[in-house]
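A.B. asks: Sharing a model that was predicted from the sequence below.
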Amino acid sequence: DLYRVHKMFHDLEDPEEVFHLCGWERSENLEDTIRFISSRQEKWKKENRYEYLVIEKESDEYIGTAYMNFSNDLMNCELGYWMRKPFWGNQYSSEFSDAFIHLAFNLIDANYVEVGCLSENEKSLRAMQKYLKNYNGTFTGTSIVDSKTYMDSEERTLKHHEFAIRRKDFESGSKGLKTE
């Protein structure tokens, strides 16, 4: 339901902090939400980007979104996510990243998976470092990106920490968390 999605995107706890750390612009009205969803649907159709709403099973509450973005040849995959603040620190990012990593390597047969976060998002950085150890993931560097890439309303330069898991590292790792 479009109105429920808009409410989820608009009525967040601490929206300035959440959207600042994920680099997105807040949906101020229904038209913004429709435009955002339409842009994601186009990426689903034209690119190999698959984005999902994440809902907590027990409460049916909206947690956030998570996506997989594959290269045209499906050999490389980028993972991303953002969550509502009440769900920070509950290992949800590890759970859906773990599920996506398994999908990328076991079902799609990708060679490489990357994940990253804005350098100022210290909690997300620590969470990534923790679960990436399960797969022998490595830090590949810090890149500089333009905030408009992330649909940010304010023009700013963002430092983005990036990590990678190669197929051989995934195969030699502990295989991560148990996910359903």
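C.D. replies: Yes, it's here.
A.B. asks: now the residue lying closest to Ser119 once chain neighbours are set aside: how far from Trp82?
C.D. replies: In space, and not counting its chain neighbours, Ser119 is closest to Lys159: 3.9 Å by CB to CB, 6 or more residues apart in numbering. For every residue, glycine as well, the C-beta is placed using N, CA and C. Applying CB to CB, to the nearest Å, the value for Lys159 to Trp82 is 17 Å.
A.B. asks: Compare these two (neighbour count), which wins?
C.D. replies: More neighbours surround Trp82 than the other of Lys159 and Trp82, with 21 against 12 (other CB atoms under 10 Å).
A.B. asks: so where's this protein uncertain?
C.D. replies: Filtered on pLDDT under 70, the chain yields the residue ranges 9-12, 14-15, 19-24, 145-157, 174-180.
A.B. asks: give me that answer again for 90
C.D. replies: 1-67, 69, 72-74, 80-100, 102-103, 107, 116-163, 168-180 (pLDDT under 90).
A.B. asks: about what we covered before: and the residue nearest to Ser119, bridged to which residues?
C.D. replies: On the basis of DSSP bridges, Lys159 is bridged to Ile144.
A.B. asks: Find the nearest non-adjacent residue to Glu51, please.
C.D. replies: For Glu51, the spatially nearest residue (CB to CB, 6+ apart) is Tyr67, at 3.9 Å.
A.B. asks: The protein: helices as residue ranges?
C.D. replies: Here the chain has its helices, by DSSP state H, at 2-10, 15-22, 30-46, 92-102, 122-132, 167-172.
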